[in-house]
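[1] Take this sequence and fold it.
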Amino acid sequence: MNNNSLRLLLQRQRQRSLSSSSSSSVSDESSSKEAIFHPTETENVKRGAIGGTMTTFDLGNGSEVVHLPRFLPRDRAWDWFHYMDKHIPWSRPTLTIYGRPLLQPRDSCYIASEGLPQLSYSGHKPHAYSWDDFPPLKDILHEVHRALPGSRFNSLVLNRYKGGNDYVSWHSDEETAYGLTPEIASVTFGCEREFLLKKKPSRIARGPRDETTRKRLRTSTSKDDQLSFTLKHGSLLVMRGYTQRDWLHSVPKRARAMSTRINLTFREETPPSGATQLTNCLRVEAKIAKIVKAHISFWFQGHFLELPALDLAIIKR
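    Purely as a prediction, here's the structure:
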């Protein structure tokens, strides 16, 4: 999809939200089709492994979102919801955001296969529980793999939103361990919540082959640049390709969300290789060398002193 087509898609969705309060999000098969301006270019519909219709939204430039509103049988999904609400060891950690402590605005838990790197975000390193600790999670994983042939998820982040004041702010899961084009599958249980996507403005235009960069312009907050999905009980949403590189997503506060929502996000992490560990060490050394040079420049009152010998060799001594 080119930029003009995506712009028309967004305009079409805003027009629907103005005409009906219930159509402000892509909530089922019919509304999903209506939201797409050029179905032949952007839509790939097929039957899900369990039930319902799976729709693929081409966001352009190698990014896509897959939505399956009726993924799990309703009663079975409620059984899993009650199990997780009662038996998962939920925690609400204190994070470090821009140097300040902040209580995470939702409960969470982390599941991972053996041999995966330690998950770390915002200064928090959650304990990695085993899949064997909670057998129903393995059953849900099996159903996800049935719906998404070829996927090989090996880790899981669970989030519990206990009401409308619990949320997750704008972010992307652009982590080295997930690779350049990660696939993240999100399954919702309980209270439906709105899921938003908006594009990241970049300093330069990038194609699908471009590498990840974290140097970005300030992200637009205009609703004109947002896509909205209502994620209902038993639904599945998948982000693929360069969605994490080029898009942000969030679950905003909603006063009308008065009951609990549990969300499972399945990911595939790559165990660190020797080459990856060496690359990470070199990156750390380069950052240290840069800091040392900056301090020398400061102490000479802005008159930068070229020191050819000040390189990684100094850090290694």
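[2] how near is Leu102 to Asp246?
    26 Å (CB to CB, to the nearest Å). Placement of C-beta: from N, CA and C, glycine included.
[3] So which of the two has more stuff around it?
    Neighbour count, other CB atoms under 10 Å: between Leu102 and Asp246, Asp246 has more, with 21 against 13.
[4] mind listing what that one touches?
    59, 61, 63, 199-200, 202, 206 (CB atoms under 8 Å, 6 or more residues apart in numbering).
[5] Buried members of the residues you listed into ChimeraX, please.
    Selection of buried members from the contacts of Asp246 for ChimeraX, criterion 16 or more other CB atoms under 10 Å:
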select :59,61,63,199,200,206
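[6] Let me have the contacts of Asp246 in JSON lines, adding distance to Ile140 and secondary structure as columns.
    Listed next are those as JSON lines, based on distance: CB to CB, whole Å; DSSP: H, G, I helix; E, B strand; the rest coil:
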{"residue": "Leu59", "distance to Ile140": "26", "secondary structure": "strand"}
{"residue": "Asn61", "distance to Ile140": "31", "secondary structure": "coil"}
{"residue": "Ser63", "distance to Ile140": "26", "secondary structure": "strand"}
{"residue": "Lys199", "distance to Ile140": "31", "secondary structure": "strand"}
{"residue": "Lys200", "distance to Ile140": "30", "secondary structure": "coil"}
{"residue": "Ser202", "distance to Ile140": "35", "secondary structure": "strand"}
{"residue": "Arg206", "distance to Ile140": "35", "secondary structure": "coil"}
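[7] Pick the one among the contacts of Asp246 closest to Pro69.
    For these, the residue nearest Pro69 by CB to CB is Leu59; the value is 18.5 Å.
[8] Surely the closest one is in contact with Arg245?
    No: judged on CB atoms under 8 Å, Leu59 makes no contact with Arg245 at a distance of 11.3 Å.
[9] Wasn't Leu141 part of a helix?
    Yes: using DSSP: H, G, I helix; E, B strand; the rest coil, the assignment for Leu141 is a helix.
[10] Using the three-state scheme, assign Leu137.
    Strictly by three-state DSSP, Leu137 counts as helix.
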